[in-house]
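[1] Please find the sequence and the predicted model below.
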Amino acid sequence: MGKTIIISNRLPLQINISDNKIEVTPSVGGLATGLKSFHQEGDSIWIGWTGLSSEEIPEDLQDEVEKKAMEQNCVPVSLTTDEIERFYYGFSNRTIWPLFHYFMEYTEFQPEHWEGYKTVNKKYCEAVVERLDDGDTVWVHDYQLLLLPEMIRKKKPNVTIGFFNHIPFPSYEVFRTLPWREEILRGMLGSDLIGFHTYDYERHFLRSVNRILRHDINFNSVNIGNRIVKSDSFPMGIDYNKFRDAALEHRTKPRSENTDIQKKLDYHKYVTRNTKLILSIDRLDYTKGIANRIRAYGYFLEKYPEYQEKVRLIMLAVPSRTNVPQYQLLKKEVDELVGRINGKFATVNWTPIWYFYRSMPFENLIDLYCSSEVALITPTRDGMNLVAKEYISTRIDNTGVLILSEMAGAAHELNEALIINPNNFEQIVDTIKQALEMPEEEQIRRNKVLQRRLKRYSVEKWAEDFMTNLKNTRKTRKAFKTI
Ligand code: GDG
């Protein structure tokens with residue numbers, strides 16, 4: 001049994017450098033939790049970027065950064081500002097991200113970004129190959145590293161390679177517009193197993209493989225001549241117990257120990273006589289449908305004026321990719337929309353939207369989940385959307401209504417939510433009303449089913465499932481060789 005190497009764009013670490021001192025702290029995102037048991041197994045490691053450019057880390061501290069990362073079984077890949085610009089902000093976030101989310105008008109096809117993407121994928125490959133032995137298992141994550149499986153395969157043909165795509169895979173008609181479509185598909189096909197959140201993404205991928213590379217597809221296997229590549233859907237779960245425990249703690253905490261945000265939420269609910277809260281949480285990204293959500297909420301207040309002063313939209317937008325022009329434009333649009341709606345409807349006692357443009361600590365996130373009667377999640381495209389799952393898991397008394405876009409991968413599993421088309425304004429507006437008026441018994445009935453499902457297919461189960469399937473591909477490979 002060899003070791004496991006996990007590779008993602010970013011390491012699950014936070015590095016702070018101040019006064020020539022380095023602080024390295026683990027960042028416990030969903031992925032890190034799911035992969036914990038594999039990451040901490042034997043001599044397994046995680047390879048990725050620290051989030052700082054090589055210019056930001058003083059030369060005399062670089063060895064120490066590596067040493068401290070290694071204490072957490074992490075190996076940093078060092079990237080220059082120019083590489084980050086072309087690979088990360090460029091090809092990853094101005095080509096692949098918009099294209100795979102069907103934002104053709106935002107998709108740029110710039111050869112220098114493509115060159116940067118290849119160079120950086122090669123850098124990751126070198127970092128991996130240096131530490132890789134025959135019999136090891138490699139798990140590559142996400143759209144920044146689509147070329148990596150093939151690069152590793154060429155250098156180390158006998159390792160087992162898995163790839164998981166965290167974002168949608170678009171339909172063939174959209175994917176085919178990419179000038180480097182063959183290279184991207186071949187890159188992914190270096191894997192033994194390719195995972196997607198949903199069956200639809202998987203079918204889109206297989207169709208592109210068939211139409212563009214002309215490989216034969218047999219159900220979910222691609223015959224690429226000397227190997228069989230498997231694909232499957234593995235809908236990513238959440239760390240259910242972590243959210244559940246945090247919500248339980250939130251409920252039993254003495255009022256005096258509440259966070260400032262919670263105190264404010266309680267106070268406002270009290271003075272405005274049980275104003276209901278509608279929650280919206282996302283990275284500020286054009287795929288999340290934030291601007292349309294605000295417009296729909298404004299229209300809701302207009303269409304059902306009896307709800308004025310009775311509801312509040314509480315909106316957390318986490319800054320993201322602020323170097324990319326579309327994100328800057330979106331920020332401006334959201335600022336303006338919030339201003340317009342607050343200006344139009346506010347009264348001395350009531351502001352219709354509370355808008356936070358920042359990232360909040362985990363315990364505040366729990367405050368928001370636990371205090372909101374409705375969660376309104378309306379992406380125009382979203383690989384999965386974990387916020388929807390997290391909201392449901394924190395509803396200790398089983399009340400609360402989730403309104404979820406059918407364009408989120410999560411909608412395939414969360415059928416008991418109120419599912420909407422994010423482009424249908426009337427439907428969103430009427431669904432907000434339906435959610436606010438839903439009888440408690442119905443909320444409880446729906447949420448109990450959802451919670452059972454989320455508990456069963458947690459992020460740990462997701463990772464275990466992928467790894468088991470990946471390891472099983474070894475047997476298929478051996479059988480294929482003996483034919
Ligand atoms: C990509 C795909 C897919 C958010 N604000 C704060 C905060 N968060 C946490 C949430 C959640 C995570 O960030 C966001 O996850 P999502 O799944 O909703 O969205 P993306 O970031 O776009 O993730 C997506 C995912 O990958 C996994 O495959 O589901 O479709 O786009 O966990 O809780 N956490 C804290 N403060 C915040 O202010 N602490």
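    On my side now, so go ahead.
[2] C-alpha from now on. contacts and neighbour counts both.
    OK.
[3] Close to the ligand: what parts of this structure are there?
    Proximity of the chain to the ligand, by CA under 6 Å from any ligand atom, involves residues 166-167, 282, 318, 359-362, 382-387.
[4] how far away is Ser393 from Asn73?
    Applying CA to CA, to the nearest Å, the value for Ser393 to Asn73 is 30 Å.
[5] contacts for stretch 94-112?
    Contacts of stretch 94-112 from elsewhere in the structure, counted by CA atoms under 8 Å, 6 or more residues apart in numbering, are 86, 91, 143, 167-170, 174-175, 178-179, 287, 324, 326, 381-382.
[6] Filter these down to just the ones in helices.
    In helices, judged by DSSP state H, the following of the contacts of stretch 94-112 are found: Val174, Phe175, Gln326.
[7] residues near Ser27, how many?
    13 (other CA atoms under 10 Å).
[8] Which helix runs longest in this protein?
    Secondary structure of the chain per DSSP H: the longest helix is helix 459-482.
[9] And the pLDDT for Met1?
    Per-residue pLDDT puts Met1 at 69.
[10] The closest residue to the ligand within the stretch 151-300 of the chain: neighbour count?
    Ranking the residues of the stretch 151-300 of the chain by distance to the ligand (CA to the nearest ligand atom) places His166 first, at 4.1 Å. Using other CA under 10 Å as the criterion, His166 is surrounded by 18 other residues.
[11] just the helices in the stretch 51-200 of the chain please.
    Taking DSSP state H, counting those that start in this stretch, the helices of the stretch 51-200 of the chain run over residues 62-70, 81-83, 97-100, 111-129, 148-155, 172-175, 181-188, 199-208.
[12] Which residue comes closest to the residue of the stretch 151-300 of the chain closest to the ligand once chain neighbours are left out?
    Counting by CA to CA, 6 or more residues apart in numbering, the nearest residue to His166 once its immediate chain neighbours are dropped is Asp142, at 5.4 Å.
[13] what do you get for Asn364?
    Excluding its sequence neighbours, the residue lying closest to Asn364 (CA to CA, 6+ apart) is Ile261, at 6.9 Å.
[14] Which strand or helix spans that neighbour?
    helix 260-271 (DSSP states H and E).
[15] how about that helix: buried residues?
    Gln262, Leu265, Lys269 (16 or more other CA atoms under 10 Å).
[16] now the residues you listed as TSV including pLDDT?
    Written out in TSV, the entries for those read as follows (pLDDT from 0 to 100):
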residue	pLDDT
Gln262	81
Leu265	80
Lys269	72
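[17] State the number of residues packed around Ser221.
    The number of residues packed around Ser221, counting by other CA under 10 Å, is 17.
[18] Hmm, it is touching Arg227, no?
    No - at 10.0 Å, Ser221 does not count as touching Arg227 under the criterion of CA atoms under 8 Å.
[19] For the residue nearest to Thr322 when sequence neighbours are not counted, give its distance to Trp97.
    Leaving aside its chain neighbours, Thr322 sits nearest to Gln328 (6.1 Å; criterion: CA to CA, 6+ apart). Gln328 sits 16 Å away from Trp97 when distances are taken as CA to CA.
[20] Could you check which of these two is surrounded by more residues?
    Taking other CA under 10 Å, Gln328 and Trp97 do not tie; Trp97 has more neighbours (20 against 16).
[21] returning to that earlier point: what separation do you get for the residue nearest to His166 and Phe109?
    According to CA to CA, Asp142 and Phe109 sit 20 Å apart.
[22] do the same with Val128
    As for Val128, its distance to Phe109 is 28 Å (criterion: CA to CA).
[23] Among these two, which residue is more densely surrounded?
    Taking neighbours as other CA under 10 Å, Val128 and Phe109 compare with Val128 leading, 23 against 17.
[24] Could I get the pLDDT score of the more buried one?
    For Val128, the predicted pLDDT is 97.
[25] Surely it and Trp46 touch.
    No - in this structure Val128 lies outside contact range of Trp46 using CA under 8 Å: 9.4 Å.
[26] Now the common contact residues for these two.
    Counting by CA under 8 Å, 6+ apart, the residues touching both Val128 and Trp46 are Ile5.
[27] in this structure, which ranges drop under the pLDDT threshold?
    1, 28-30, 270-273, 478-483 (pLDDT under 70).
[28] switch the cut-off to 90
    Counting by pLDDT under 90, the chain contains low-confidence ranges at 1-2, 14-44, 56-63, 72, 134, 225-226, 250-275, 323, 349, 474-483.
[29] Remind me which helix or strand Asn9 belongs to.
    For Asn9, the enclosing helix or strand under DSSP H and E is strand 4-10.
[30] between whatever helix or strand comes next after that strand and helix 62-70, how big is the angle?
    Taking DSSP H and E as the definition, the helix or strand that follows strand 4-10 towards the C-terminus is strand 13-18. With axes from the mean of the first three to the mean of the last three CA atoms, to 10 degrees defining the directions, strand 13-18 sits at 150 degrees from helix 62-70.
[31] With only the CA atoms kept, save whichever helix or strand comes after strand 13-18 in CSV.
    Stepping forward along the backbone from strand 13-18, the first helix or strand reached (DSSP H and E) is strand 21-26. Included here for strand 21-26 are C-alpha records, laid out as CSV according to Å, rounded to 0.1, in the frame of the first residue of the first chain:
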residue,chain,number,x,y,z
LYS,A,21,7.9,35.9,11.7
ILE,A,22,5.9,33.2,10.1
GLU,A,23,2.7,31.8,11.4
VAL,A,24,1.2,28.8,9.7
THR,A,25,-2.3,27.7,10.7
PRO,A,26,-4.5,25.0,9.2
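[32] Am I right that Ala317 falls within a helix?
    No - Ala317 sits outside any helix when classified using DSSP: H, G, I helix; E, B strand; the rest coil, being strand.
[33] give me the beta-bridge partners of it?
    Beta bridges link Ala317 to Asp282, Tyr357 when assigned by DSSP bridges.
[34] the helices in the stretch 251-400 of the chain, which residues?
    260-271, 290-303, 325-345, 362-371, 386-393.
[35] so of those helices, which one's packed in deepest?
    helix 386-393 (a mean of 23; mean count of other CA atoms under 10 Å).
[36] How far away from the center of its chain is the very next helix or strand once past it?
    Stepping forward along the backbone from helix 386-393, the first helix or strand reached (DSSP H and E) is strand 401-405. Using CA atoms, centre = their mean, to the nearest Å, the distance from the centre of strand 401-405 to the centre of the chain it belongs to is 17 Å.
[37] what packs against strand 401-405?
    Applying 3 or more CA pairs under 8 Å, 6 or more residues apart in numbering; DSSP states H and E, we find strand 401-405 packed against strand 374-377, helix 386-393, strand 418-420, helix 425-437.
[38] dump the residue contacts of the closest residue to Ser191 other than its chain neighbours.
    Excluding its sequence neighbours, the residue lying closest to Ser191 (CA to CA, 6+ apart) is Ile161, at 4.8 Å. Listed by CA under 8 Å, 6+ apart, the contact partners of Ile161 are Thr137, Val138, Trp139, Val140, Pro149, Arg153, Gly190, Ser191, Asp192, Leu193, Leu470.
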